[in-house]
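Student: With the sequence up front, the predicted model follows.
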Amino acid sequence: MTGRGLRGRQQAQLLLGVTLALDALLAFLFLSQPGTMGPRIDAPPFLLGLPLGTTIIAIGIALHLGGLAWMVRILRADPERHASSWRAVRSR
């Protein structure tokens with residue numbers, strides 16, 4: 001791997017670390033929020049058996065975690081695993 005490739009890998013690791021740190025901060029802020037004294041509306045709309053707001057948040061968290069897993073997969077992949085077919089030199 002060239003110096004440029006190593007620098008790119010380090011930048012990707014930094015971005016992943018920053019993302020995980022922001023996720024930890026958001027989780028802390030979400031868990032430390034004060035409780036409410038009661039519902040703001042009488043009957044909240046439901047989707048998939050949960051209140052609509054909770055369902056939307058759960059879907060967003062699931063998609064975010066899927067994206068993080070994809071980033072880790074890409075970061076851990078060996079970029080020089082095999083020679084690309086379009087780079088192969090064919091002797092005639």
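Tutor: It's in. Residues are numbered from 1 along each chain as shown.

Student: Please report how far G5 lies from L16.
Tutor: Noted for G5: a distance of 16 Å to L16, by Cβ to Cβ, to the nearest Å. Where C-beta positions appear, they are placed from N, C-alpha and C, glycine not excepted.

Student: the more surrounded of those two?
Tutor: More crowded of G5 and L16, by other Cβ atoms under 10 Å: L16, with 15 against 11.

Student: all helices for the protein, in order.
Tutor: Counting by DSSP state H, the segments of the chain that form helices are 3-31, 52-76.

Student: now those helices in TSV, with distance to P45?
Tutor: Listed next are the helices of the chain as TSV, based on distance: least, Cβ to Cβ, whole Å:
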stretch	distance to P45
helix 3-31	21
helix 52-76	5
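
Student: Make a markdown table out of these and add mean pLDDT.
Tutor: As requested, those are exported to a markdown table (pLDDT from 0 to 100):
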| stretch | mean pLDDT |
| --- | --- |
| helix 3-31 | 87 |
| helix 52-76 | 88 |
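
Student: Nearest to F46, out of those?
Tutor: Smallest distance to F46 across the helices of the chain (Cβ to Cβ): 6.7 Å, for helix 52-76.

Student: tell me what the closest one is packed against?
Tutor: Helix 52-76 makes packing contacts with helix 3-31, strand 46-47 when contacts are defined by 3 or more Cβ pairs under 8 Å, 6 or more residues apart in numbering; DSSP states H and E.

Student: at 7 Å instead, please
Tutor: Based on contacts counted as 3 or more Cβ pairs under 7 Å, 6 or more residues apart in numbering; DSSP states H and E, the elements that helix 52-76 packs against are helix 3-31.

Student: chain center to the helix it packs on, what's the gap?
Tutor: Per Cα atoms, centre = their mean, to the nearest Å, the displacement of helix 3-31 from the mean C-alpha position of its chain is 10 Å.
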